[in-house]
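Engineer: fold the following.
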Amino acid sequence: MEKATAFVLSVSLTGALLFTGGDACAGVSSMSAVDACKPGNVGAALSKTCAATLGTSTAAHEVTAYVTAALDAAWRSYNATTKAANADMEDPSSPRGLREVIGVCLYHYDDVVLYAAGVLEYLRTCTSLREVSFDCATSAGIVDRCAGLVQTVAPNSTLHAMIVGDRDRTELAVRLALLM
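Structural biologist: Residues are numbered from 1 along each chain as shown. Take a look at the predicted model:
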């Protein structure tokens, strides 16, 4: 199982490296995934999430590739959360008030996806790199707000746990962007 996971993560990072292009963005630092994921860089709480997302390569790559990989993981997570939220909205046994909260979150998740798409374009084209950490932080705030809303009506739900995971993945992208 660990080998399969490592392979998938390696393919994901390889895709991120290809997505950001062969040319380096001027002035952006390079480091290994191991260094990027050190608690001093991403925080102790996100260090394991970082290693699970980026892998444990000691080869140096431009930090834009790591931000891209983190956003890719977050994007896939947003999609899974959106599907689960839609299912919960249709479930008549969902806790009272959850449908309204989900409606608000789904509306704001659209913004999160737009921010992520913009950030990926910035990274791909090496433009507006100063906006990357700001847009990632804005997305993290939106997702965190949804986590708080869902916690008020369904604190122990799978949906709440998924949104918290989304927040952590988005926060990882913020922390990695600050390393650029």
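
Engineer: now do the buried residues in stretch 43-60.
Structural biologist: Neighbour-count burial for stretch 43-60 flags Leu46, Ser47, Thr49, Cys50, Ala51, Ala52, Thr53, Leu54, Gly55 (criterion: 16 or more other C-beta atoms under 10 Å). In this view, the C-beta of every residue, glycine as well, is placed from N, C-alpha and C.

Engineer: an error on my part: the question was meant for stretch 162-180.
Structural biologist: 162-177, 179-180.

Engineer: residues touching the residue nearest to Leu149 when sequence neighbours are not counted, list them.
Structural biologist: Counting by C-beta to C-beta, 6 or more residues apart in numbering, Val101 is the residue found nearest to Leu149 once chain neighbours are left out, at 4.6 Å. By C-beta atoms under 8 Å, 6 or more residues apart in numbering, the contact set of Val101 is Cys146, Leu149, Val150, Thr152, Val153.

Engineer: rerun at 7 Å
Structural biologist: Val101 is in contact with Leu149, Val150, Val153, counting by C-beta atoms under 7 Å, 6 or more residues apart in numbering.

Engineer: among those, who's most crowded?
Structural biologist: Val150 (26 neighbours; other C-beta atoms under 10 Å).

Engineer: per-residue confidence at that residue?
Structural biologist: Val150 is assigned a pLDDT of 97 by the prediction.

Engineer: what about Trp75, neighbour count?
Structural biologist: Neighbour number of Trp75 under other C-beta under 10 Å is 18.

Engineer: mind giving me the packing neighbours of the helix or strand where it lies?
Structural biologist: Assigned by DSSP states H and E, Trp75 falls within helix 63-90. Here helix 63-90 touches helix 2-19, helix 33-36, helix 44-54, helix 98-125, helix 158-177, going by 3 or more C-beta pairs under 7 Å, 6 or more residues apart in numbering; DSSP states H and E.

Engineer: looking at these, which is closest to Ala80?
Structural biologist: Judged by C-beta to C-beta, the one of the helices and strands packed on helix 63-90 that comes nearest to Ala80 is helix 158-177, at 6.7 Å.

Engineer: any idea how far that closest one is from the middle of the chain?
Structural biologist: Distance of helix 158-177 from its chain centroid, counting by C-alpha atoms, centre = their mean, to the nearest Å, is 6 Å.

Engineer: just the angle for the helix holding Trp75 relative to helix 158-177, thanks.
Structural biologist: Put simply, helix 63-90 runs at 160 degrees to helix 158-177, going by axes from the mean of the first three to the mean of the last three C-alpha atoms, to 10 degrees.

Engineer: list the contacts for the closest residue to Leu172 other than its chain neighbours?
Structural biologist: In this structure, Leu172 finds its nearest non-sequential neighbour in Ala70, 4.7 Å apart by C-beta to C-beta, 6+ apart. Ala70 sits next to Thr53, Arg169, Leu172, Ala173, Leu176 when contact means C-beta under 7 Å, 6+ apart.
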